[in-house]
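**Q** I'd like to go over a predicted model; first the sequence, then the structure.
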Amino acid sequence: ISIAYTAFSPRPSISRHSSIATNPPMDRSKPKDYLILAVIACFCPVWPINIVGFVYSIMSRNSLEQGNIDGARRLGRVAKLLSVVSLVGGAIIIVACAKTFTQNAFNYLNNKL
């Protein structure tokens, strides 16, 4: 039997287990490094951003291997953010280029006929 303080009461309580306040539950699941997303983002035409996202993904994987779970989680979130920005930016660039190309081709064909 041990005396522990609960999170909601200033009075001690007699219990067999420690309280939630002394041992908070930690989310120690394996953090994602988003490597697949970063590799896919490398095919988008936003090269500086997607390469940096890929590097952050690798750094996240290395941090996890070294046992730094919090650092791996933080680096993984940055890799995910940069990869999503790269995918969205790449989609915008591809759509804009396709629109410009079709407009120019249409104008060229109209002028030729």
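**A** Looks like it came in fine. Residues are numbered from 1 along each chain as shown.
**Q** all strands of this protein, in order?
**A** Secondary structure of the chain by DSSP state E: the strands cover 2-5, 12-15.
**Q** which residues touch the residue positioned nearest the centre of the chain?
**A** Centre of the chain computed as the mean C-alpha position; nearest residue by CA atoms, centre = their mean is Lys80, 2.4 Å away. Lys80 makes contact with 32, 34, 37, 53 under the criterion CB atoms under 8 Å, 6 or more residues apart in numbering. C-beta coordinates here come from the backbone N, C-alpha and C atoms, glycine included.
**Q** next, format those residues as TSV and append pLDDT, neighbour count and distance to Gly90.
**A** Rendered in TSV, the data for those read as follows (pLDDT from 0 to 100; neighbours: other CB atoms under 10 Å; distance: CB to CB, whole Å):
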residue	pLDDT	neighbour count	distance to Gly90
Lys32	90	18	21
Tyr34	94	26	16
Leu37	95	21	13
Gly53	95	27	12
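**Q** what about those residues, which are in helices?
**A** Those of the contacts of Lys80 mapping onto helices are 37, 53, per DSSP state H.
**Q** could I get the contacts of Lys80 as JSON lines with distance to Gly71?
**A** Output for the contacts of Lys80, formatted as JSON lines (distance: CB to CB, whole Å):
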{"residue": "Lys32", "distance to Gly71": "14"}
{"residue": "Tyr34", "distance to Gly71": "15"}
{"residue": "Leu37", "distance to Gly71": "19"}
{"residue": "Gly53", "distance to Gly71": "17"}
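**Q** and the pLDDT for the residue lying farthest from the centre of the chain?
**A** Within the chain, the residue lying farthest from the chain centre (CA atoms, centre = their mean) is Leu113, at 51.4 Å. Leu113 is assigned a predicted lDDT (pLDDT) of 73.
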